[in-house]
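# Here is my input; please provide its structure:
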Amino acid sequence: MQGKSGWGWGLLALSLCTQAAEVPLGMPLASEQVLVRANGQDPQQLDPNTVDADFATQAVLSDLFEGLVQEDDNGTIIPAQAERWEASADGKSITFWLRDAARWSDGQPVLAQDFVLGWQRAVNPKLRISNRNYLAEAGVANAELIGKGKLNPEKLGVSALEPKVLQVTFDKPMPFFMSMLSLPSFMPAPSHLVQQGIAYPAGPLVSNGAFMLEEWTVGKQLQLMKNAHYWDNAHTVLAKVVYLPQRFAQSDIPRIEQGNLHMTDNVPGSQYRRIQNSVPESLRAFNLLGLYQFSLNNRRPPLVDNNIRQALSMAVNRELITDTLSGQLVKPAYTVIPDNVPQYLPVTAEFASEPLRMRQDQARKLLEAAGFSAEKPLQIALSYRDDDEQERLANTVASMWKVIGVKVEMNRLTDPAFRASRYTNHYDVVGTYIYGDYNEPSALLNDFRCYNPSNLSGYCNKEFDLILDQAQSADADQRGVLYRRAEELLLKSTPLVPVFHDTKTRLVSATLQGLPQISPRGIVLSKNLYLTEG
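Take a look at the predicted model:
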């Protein structure tokens with residue numbers, strides 16, 4: 001029986017529609033299929049249900065574990081561990097049928113109970129490291145109450161109807177639920193090894209993805225090997241994947257050319273033009289659902305005054321920043337949502353098209369209206385991460401604010417201090433990236449809900465929250481209208497200064513093939529890749 005068309009779930013039984021390495025006929029493959037990829041840093045840990053996953057951690061976990069479904073390059077939901085699924089007529093539950101061939105790396109079958117256990121662990125407040133409760137965001141029944149410690153994890157709305165049949169029930173069905181199922185929180189846990197409320201046992205890591213852990217030397221490398229028990233192992237070309245916990249270095253260019261490294265983690269904006277001039281064919285950029293912003297602390301004087309917040313936003317020359325600091329890798333941002341999100345008409349900021357000098361004059365008038373002048377200048381502190389790129393960005397923005405008469409105290413913070421400052425009220429302005437975990441406007445807009453732990457600005461508008469709630473039960477067209485209204489309301493209150501919409505740019509070897517054309521989350525699955533003769 002079909003579910004509500006507004007949710008886009010329905011019934012799917014085309015188990016042949018999958019992601020895998022697609023090698024063109026006659027393509028000469030390298031004799032050694034060992035991919036070496038830089039990953040920026042070591043993963044935080046390898047327990048998917050409990051981790052607060054950053055890019056580096058998600059990259060490795062996406063190779064080791066697989067959820068019920070995945071998204072292809074076009075954002076279409078395709079089968080993974082589940083071969084088909086069916087939504088109830090009222091949209092309040094969905095049933096998944098797991099593949100008979102789905103197995104763990106130790107040969108044991110992947111069961112519905114493994115997903116039950118994994119999801120229960122993900123909402124267990126005694127285990128979860130992340131401040132995000134992704135299952136609650138996805139609308140899974142009782143996830144919110146369990147995350148707050150008010151119910152036992154066993155009360156979560158997920159159950160094994162049969163060994164290979166899983167049912168999920170909802171407090172409120174979310175239109176983006178299926179898009180969230182590839183996030184680490186939604187991975188299964190091997191119930192024959194792991195118990196509820198207990199961490200993974202010592203010994204070899206058992207996983208259900210295309211690869212399994214071979215060895216991990218922290219600070220040096222993490223090595224994966226092909227999982228012979230993976231259900232689609234026949235289409236996995238790579239024999240091994242070596243992750244190096246390193247950021248971009250000048251030596252990466254000759255290493256890429258020599259075949260000692262196949263893909264970097266990133267390319268710094270400061271290096272982009274030089275690399276573009278020397279080896280342009282090696283650059284690959286992926287648009288992300290991401291934003292670099294300066295959060296303005298609405299709870300802390302003097303930024304409680306929206307005139308001041310608007311003045312700070314008007315004075316920032318985004319085009320100069322993206323052209324000189326970021327090497328045109330990223331797009332200037334006057335809004336939260338980028339223009340590449342499906343079924344969404346972007347908002348246009350009122351002052352975006354005005355000349356900078358006019359904006360600066362307006363910003364000075366707003367500061368005067370708030371009681372500041374050359375004799376009594378606005379003084380604020382700007383905090384940012386211990387990173388050279390972010391320091392250049394912060395100094396550039398501080399100089400732009402100086403033009404309108406603002407005095408800025410610069411605070412470069414170590415990672416622990418930066419993380420601590422984000423979740424306290426002891427800052428004025430903090431520079432940070434925010435990323436969407438699924439390709440939908442709410443993935444970013446939800447960060448500005450009242451009391452959301454990710455809401456660094458302290459912005460709280462009940463009307464904004466209500467509009468987002470209404471969008472969850474609307475059809476696709478109406479959702480776009482409601483999301484636009486919510487973003488317009490948000491930008492009018494100026495809890496942030498959007499700076500640029502981010503991309504993930506990598507230096508890639510000419511021998512590496514199978515890379516996606518689009519990657520909103522910045523994740524590149526190794527199972528889709530292969531190496532050709534150099």
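# can we go C-alpha only for contacts and neighbour counts from here?
Will do.
# Isn't Leu445 up against Leu489?
No. With contact taken as Cα atoms under 8 Å, Leu445 and Leu489 are classed as non-touching, separated by 11.1 Å.
# Can I get stretch 388-408 as CSV, trimmed to CA atoms?
Below are the C-alpha coordinates for stretch 388-408, written out as CSV (Å, rounded to 0.1, in the frame of the first residue of the first chain):
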residue,chain,number,x,y,z
ASP,A,388,45.3,30.1,9.7
GLU,A,389,42.6,30.2,7.1
GLN,A,390,39.9,31.2,9.6
GLU,A,391,42.3,33.8,11.1
ARG,A,392,42.7,35.5,7.7
LEU,A,393,39.0,35.5,7.3
ALA,A,394,38.4,36.9,10.8
ASN,A,395,41.0,39.7,10.3
THR,A,396,39.5,40.6,7.0
VAL,A,397,36.0,40.9,8.4
ALA,A,398,37.3,42.9,11.4
SER,A,399,38.9,45.4,9.0
MET,A,400,35.5,45.8,7.3
TRP,A,401,33.8,46.5,10.6
LYS,A,402,36.5,49.0,11.5
VAL,A,403,35.5,51.0,8.4
ILE,A,404,32.1,51.6,10.0
GLY,A,405,33.6,52.5,13.4
VAL,A,406,33.6,49.2,15.2
LYS,A,407,36.5,48.1,17.5
VAL,A,408,37.1,44.4,17.4
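# centre of the chain versus that stretch, how much separation?
If you compare the mean C-alpha spot of stretch 388-408 with that of the full chain, they lie 27 Å apart, counting by Cα atoms, centre = their mean, to the nearest Å.
# more neighbours, Leu445 and Leu489?
The residue with the greater number of neighbours, taking Leu445 and Leu489 and applying other Cα atoms under 10 Å, is Leu445; the counts read 20 against 15.
# That one belongs to a helix, doesn't it?
Yes. According to DSSP: H, G, I helix; E, B strand; the rest coil, Leu445 belongs to a helix.
# dump the residue contacts of it.
Counting by Cα atoms under 8 Å, 6 or more residues apart in numbering, Leu445 makes contact with 336-337, 486-487.
# Specify which member of those residues is nearest to Val408.
Minimum distance to Val408 across the contacts of Leu445 is 24.3 Å, recorded for Val336 (Cα to Cα).
# Can you tell me the closest non-neighbouring residue to Ser93?
Nearest in space to Ser93, with sequence neighbours left out and distances taken as Cα to Cα, 6 or more residues apart in numbering, is Thr169 at 4.2 Å.
# which stretches of the chain aren't confidently modelled?
For the chain, residues meeting the criterion pLDDT under 70 lie at 1-19, 325-328, 422-423.
# And the residue nearest the centre of it?
Centroid-nearest residue in the chain, with Cα atoms, centre = their mean: Asp437, separated by 3.9 Å.
# these two touch, right, that one and Arg521?
Yes. Taking contacts as Cα under 8 Å, Asp437 lies within contact range of Arg521: 6.3 Å.
# about what we covered before: let's see which of the contacts of Leu445 end up in helices.
For those, membership in helices holds for 486-487, with DSSP state H as the criterion.
# can you redo the contacts of Leu445 as CSV with distance to Met178?
Listed next are the contacts of Leu445 as CSV, based on distance: Cα to Cα, whole Å:
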residue, distance to Met178
Val336, 23
Ile337, 20
Ala486, 23
Glu487, 24
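# of the contacts of Leu445, buried ones?
Applying 16 or more other Cα atoms under 10 Å to these, the neighbour count classes 336-337, 486-487 as buried.
# Tell me the one of these nearest Leu35?
For the buried ones among the contacts of Leu445, the minimum distance to Leu35 (Cα to Cα) is 34.1 Å, reached by Ile337.
# Let me know whether the closest one touches Asn446 as I believe.
No. Distance between Ile337 and Asn446: 11.5 Å, which falls outside the contact criterion (Cα under 8 Å).
# Tell me where the stretch 351-500 of the chain has strands.
With DSSP state E, counting those that start in this stretch as the criterion, the stretch 351-500 of the chain has strands at 378-385, 406-413, 429-435, 496-507.
# between the ones you listed, which one is nearest to Val316?
Here strand 496-507 is closest among the strands of the stretch 351-500 of the chain (Cα to Cα), at 7.9 Å.
# partner strands of that closest one, parallel or antiparallel?
Based on DSSP bridges, the strands next to strand 496-507 in the sheet, each with its direction, are strand 283-296 (antiparallel), strand 331-332 (antiparallel).
# Kindly provide the distance from the residue located most distally from the centre of the chain to Glu368.
Summary for the chain: using Cα atoms, centre = their mean, the residue whose C-alpha lies farthest from the chain's mean C-alpha position is Glu375, with a distance of 44.2 Å. Taking Cα to Cα, to the nearest Å as the measure, Glu375 falls 11 Å from Glu368.
# now do Ser526
In terms of Cα to Cα, Ser526 sits 55 Å off from Glu368.
# Those two - which one has more neighbours?
Ser526 (25 against 17).
# so where does the closest residue to that one other than its chain neighbours fall, helix or strand?
Counting by Cα to Cα, 6+ apart, Asp63 is the residue found nearest to Ser526 once chain neighbours are left out, at 6.4 Å. Using DSSP states H and E, the element containing Asp63 is helix 55-64.
# what's downstream of that helix, the next helix or strand?
strand 69-71.
# Can you give the strand pairings for that next one, parallel or anti for each?
Each strand pairing with strand 69-71, determined using DSSP bridges, is listed with its direction: strand 77-79 (antiparallel).
# Figure out how far the helix or strand following the partner strand is from the centre of its chain.
The first helix or strand that comes after strand 77-79 along the chain, using DSSP H and E, is strand 82-87. Centroid displacement of strand 82-87 relative to its chain, using Cα atoms, centre = their mean, is 25 Å.
# C-terminal to strand 82-87, which secondary structure element comes first?
The C-terminal neighbour of strand 82-87 among helices and strands, as given by DSSP H and E, is strand 93-98.
# Identify the contacts common to Asp437 and Arg521.
By Cα under 8 Å, 6+ apart, the residues touching both Asp437 and Arg521 are Leu289.
# show me the contacts for Lys220.
Going by Cα under 8 Å, 6+ apart, Lys220 touches 244-245.
# Equivalent analysis for Ile404, please.
When the contact criterion is Cα under 8 Å, 6+ apart, the partners of Ile404 are 315, 360-361, 363-364.
# quick one, what contacts Pro245?
With Cα under 8 Å, 6+ apart as the criterion, the residues that contact Pro245 are 38-42, 219-221.
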